[in-house]
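# sequence? don't have it. structure:
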């Protein structure tokens, strides 16, 4: 990683300030992607609880192999909720 950063800095050493703006936008995009992937990984526990509720309420059916397949909307909502929490709460962690 260090060598990659040194190489990138070497490539942009004579660039104007617009390169800094591009790096800033890239950092924001990669941070958003990181927050979503973090939410997607940590959301599995919440997805399990919601699927258990949906199963007990009769709104979700078991597959023939007795596996619960969560609906896509449950996966997306749980991932977005945790990503939102990571994105908004991370600023406090970064400041400390």
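Great, that's in hand. Quick caveat: nothing in here was measured; it's all calculated off a predicted structure.
# ok, residue 45 to residue 73 distance?
Using Cβ to Cβ, to the nearest Å, one obtains 17 Å as the distance from residue 45 to residue 73. The C-beta positions use only the backbone N, C-alpha and C, and glycine is treated the same way.
# now do residue 2
42 Å.
# Equivalent analysis for residue 65, please.
Separation of residue 65 from residue 73 (Cβ to Cβ) stands at 23 Å.
# So between the two, which is more surrounded?
More neighbours surround residue 73 than the other of residue 65 and residue 73, with 8 against 5 (other Cβ atoms under 10 Å).
# What helices and strands are in contact with the strand or helix carrying the more buried one?
Using DSSP states H and E, residue 73 sits in helix 72-95. Here helix 72-95 touches helix 18-42, helix 44-56, going by 3 or more Cβ pairs under 8 Å, 6 or more residues apart in numbering; DSSP states H and E.
# Need the ones you listed in a markdown table (columns: distance to residue 78 and mean neighbour count).
Below are those laid out as a markdown table (distance: least, Cβ to Cβ, whole Å; neighbours: other Cβ atoms under 10 Å):
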| stretch | distance to residue 78 | mean neighbour count |
| --- | --- | --- |
| helix 18-42 | 7 | 13 |
| helix 44-56 | 5 | 14 |
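# which regions of the chain sit below the pLDDT cut-off?
Per-residue confidence for the chain (pLDDT under 70) gives these ranges: 1, 17, 19, 39-40, 90-96.
# Find the centremost residue of it, please.
Note on the chain: the residue nearest the mean C-alpha position is residue 36, at 1.3 Å, using Cα atoms, centre = their mean.
# The nearest residue to that one once chain neighbours are set aside and residue 42: what is the separation?
Spatial nearest neighbour of residue 36, excluding adjacent residues (Cβ to Cβ, 6 or more residues apart in numbering): residue 83 at 4.5 Å. The gap separating residue 83 from residue 42 is 9 Å, by Cβ to Cβ.
# again, but for residue 57
24 Å.
# Please apply the same query to residue 20.
Distance, residue 20 to residue 42, by Cβ to Cβ: 32 Å.
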